[in-house]
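Undergrad: next input, structure requested:
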Amino acid sequence: MKCPHCAVNVHANFPWWDAGRDADGAWKWTYVNCPACDKRIVMCKIGEAERMLYPQGIVRPLSSLVPAPYATDFNEAARIINDSPKASAALTRRCLQHVLIDKLGASPKADLAAQIQKVIDDKLLPMQILEQLDAIRNIGNFAAHPVKSGATGQIVDVEAGEADWNLDVLESLFEEVFVRPESLKLRQDALNNKLAAAGKSPMKVP
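TA: Numbering: from 1, shown residues only. Next comes the predicted model:
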């Protein structure tokens with residue numbers, strides 16, 4: 001599992017303890033400290049359904065190079081995913097649509113499915129990310145739930161794992177669209193400053 005505190009993938013064994021029964025079924029609870037950050041994770045189980053009690057949200061650290069409007073939506077979607085996967089998925093769909101329009105040339109008049117297809121056809125991103133974007137439509141079952149494509153911010157039912165997958169894809173997209181280019185620019189600027197100090201011409205890039 002991925003620790004909700006530090007986002008490190010860890011192998012943790014959860015010992016479950018009985019907590020009685022009610023009309024919903026048998027209750028169990030458990031806790032474990034993350035082996036990586038030593039912070040506590042507390043969960044309960046009602047029947048076969050598991051729910052995280054603490055922390056209430058998931059920490060998914062973003063680079064400071066991701067602009068605030070996108071980072072704000074992402075962080076809120078991660079924070080509420082346990083309480084409302086539907087609301088989390090709505091936020092990530094809306095955020096994804098803004099990135100596709102603002103940074104990758106998708107039409108603001110098209111729906112999300114068409115915007116994803118435009119970016120795939122343009123092949124402006126690595127194939128791995130394009131495949132992840134295409135999977136958003138399949139996991140979200142856009143064909144059966146077209147409202148997810150046409151009204152991205154609307155809160156509607158989600159498929160199993162859809163909200164988590166949306167966050168994963170957004171992280172990959174942020175890395176490619178915001179973090180990698182800005183990191184390269186910062187390194188280039190630093191090198192050019194050194195060249196200027198040495199009286200040399202700046203580095204030219206295509």
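
Undergrad: SS state for Lys103?
TA: helix (DSSP: H, G, I helix; E, B strand; the rest coil).

Undergrad: ok, for it, nearest residue in space, not its chain neighbours?
TA: Val177 (5.0 Å; CB to CB, 6 or more residues apart in numbering). In short, each C-beta sits where N, CA and C put it, glycine included.

Undergrad: ok, that neighbour touching Leu96?
TA: No. With the criterion set as CB atoms under 8 Å, Val177 and Leu96 do not qualify as a contacting pair; they are 11.0 Å apart.

Undergrad: centroid residue for the chain?
TA: Within the chain, the residue whose C-alpha comes closest to the C-alpha centroid is Leu167; the distance, by CA atoms, centre = their mean, is 1.8 Å.

Undergrad: three-state assignment of that one?
TA: Following three-state DSSP, the label given to Leu167 is helix.

Undergrad: likewise for Ala26?
TA: In the three-state summary, Ala26 is assigned as strand, counting by three-state DSSP.

Undergrad: tally of neighbours for it?
TA: The burial count assigned to Ala26 is 13, neighbours taken as other CB atoms under 10 Å.

Undergrad: same for the helix or strand in which Gln117 is found, what does it pack against?
TA: In this assignment (DSSP states H and E), Gln117 forms part of helix 112-122. In terms of contacts (3 or more CB pairs under 8 Å, 6 or more residues apart in numbering; DSSP states H and E), helix 112-122 is packed against helix 85-104, helix 127-139, helix 147-150.
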